[in-house]
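Q: need a structure here:
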Amino acid sequence: MNGRITVRVASEKCQGHARCHALAPELFELDEFGNARETSRTLVPRELEDKAFTAQSNCPEGAIVIEDSAES
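A: Take a look at the predicted model:
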């Protein structure tokens, strides 16, 4: 079941630490340079929302952006 948040990577901030991918591989993938990008721009399933917030809080560059679709 879909939740109420979306997640994206601010590519200009990502430095390729890959913590987000290590913590939530369902939500993030790495490009050929090791920089992260979101696997989808759709609503994050409810069961993965905690992983999204954990990835965001562990990104040393602050490149993980979580938006609440209820606020849109």
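
Q: after the helix or strand Cys20 falls within, which helix or strand is next?
A: If you go by DSSP states H and E, Cys20 is part of helix 19-23. Sequence-wise, the next helix or strand downstream of helix 19-23 (DSSP H and E) is strand 28-30.

Q: counting by contacts, list what that following strand packs against.
A: The contact analysis (3 or more CB pairs under 8 Å, 6 or more residues apart in numbering; DSSP states H and E) places strand 28-30 against helix 19-23, strand 36-38. In this view, the C-beta of every residue, glycine as well, is placed from N, C-alpha and C.

Q: pLDDT (mean, whole number) over it?
A: For strand 28-30, mean pLDDT rounds to 98.

Q: quick one: contacts of it?
A: Val9, Gly16, Ala18, Cys20, His21, Ala36, Arg37, Glu38, Thr39, Ala55 (CB atoms under 8 Å, 6 or more residues apart in numbering).

Q: repeat the analysis, applying 7 Å as the threshold.
A: With contacts defined as CB atoms under 7 Å, 6 or more residues apart in numbering, strand 28-30 is touched by Val9, Ala18, Cys20, His21, Ala36, Arg37, Glu38, Thr39, Ala55.

Q: if you count neighbours, what's buried in the longest helix anywhere in the chain?
A: When the chain is parsed with DSSP state H, its longest helix is helix 49-58. Going by neighbour count (16 or more other CB atoms under 10 Å), the buried part of helix 49-58 is Glu49, Lys51, Ala52, Phe53, Ala55, Gln56.

Q: quick revisit: so which of the helices and strands packed on strand 28-30 is nearest Gly3?
A: Distance to Gly3, taken as CB to CB, is lowest for strand 36-38 among those, at 14.3 Å.

Q: any idea how far the closest one is from the middle of the chain?
A: Distance, stretch centre to chain centre, for strand 36-38: 7 Å (CA atoms, centre = their mean, to the nearest Å).

Q: quote the end-to-end distance of stretch 23-35.
A: 15 Å (CA to CA, to the nearest Å).

Q: swap in stretch 45-54?
A: End-to-end distance of stretch 45-54 (CA to CA): 15 Å.
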